[in-house]
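Trainee: I'll drop the sequence and a predicted model, then ask my questions.
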Amino acid sequence: MNRLSLTAALLAAAALSAPLAAAADTTGLVVYSARCSNCHGPEGRGKATFAIPTLVGSSISAEEMEKVIAGGRAKMPAFAGKLKADEIRAVARYVKDVLAQQKR
């Protein structure tokens, strides 16, 4: 395969995989907006007035985040019966990949 063909193949693969990644990010954002932002805020900064923690700069793993979302913690309710497993996974990834990466 020549260099031009390889470059074209790589660009095509990237273009085809981008919508899948975007769909995963979109699911996480949609679930977060509908289920989490009322308490944690649209930017994940929490609400000090109600002692709701910020998600910005969170150091817990995505797997631990999934457990917290599913089972609840402190004032946070469990979402295992309210969200599908893939929705819990998507929102945990959104929190870890987008919100937790913001600067405090």
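Mentor: Received the coordinates, thanks.

Trainee: In contact with the residue nearest in space to the middle of the chain, which residues?
Mentor: By CA atoms, centre = their mean, the mean C-alpha position of the chain lies nearest to residue 94, the distance being 1.2 Å. Contact analysis of residue 94 by CB atoms under 8 Å, 6 or more residues apart in numbering lists 25, 27, 28, 29, 31, 32. Any C-beta I mention is one placed from the backbone N, CA and C, and that applies to glycine too.

Trainee: Kindly report the same for residue 54.
Mentor: 40, 44, 45, 46, 104.

Trainee: out of the residues you listed, who's nearest residue 85?
Mentor: When the contacts of residue 54 are ranked by distance to residue 85 (CB to CB), residue 40 comes first, at 20.7 Å.

Trainee: so how far is residue 81 from that closest one?
Mentor: Note on residue 40: its distance to residue 81, by CB to CB, to the nearest Å, is 20 Å.

Trainee: When the two are compared, which one has more neighbours?
Mentor: residue 40 (21 against 7; other CB atoms under 10 Å).

Trainee: and that one, what does it touch?
Mentor: 46, 47, 52, 53, 54, 55.

Trainee: Where does the closest residue to the last one other than its chain neighbours sit: helix, strand or coil?
Mentor: Yep, that's residue 55 we're talking about. Among residues not flanking residue 55 along the chain, residue 44 sits closest, at 3.6 Å (CB to CB, 6 or more residues apart in numbering). Secondary structure state of residue 44, per DSSP: H, G, I helix; E, B strand; the rest coil, is coil.

Trainee: Surely residue 44 touches residue 53?
Mentor: No: between residue 44 and residue 53 there is no contact under CB atoms under 8 Å: 9.6 Å.

Trainee: Counting neighbours, go ahead and name the busier of the two.
Mentor: Taking neighbours as other CB under 10 Å, residue 44 and residue 53 compare with residue 44 leading, 21 against 17.

Trainee: separation between the residue nearest to the centre of the chain and residue 51?
Mentor: 23 Å.
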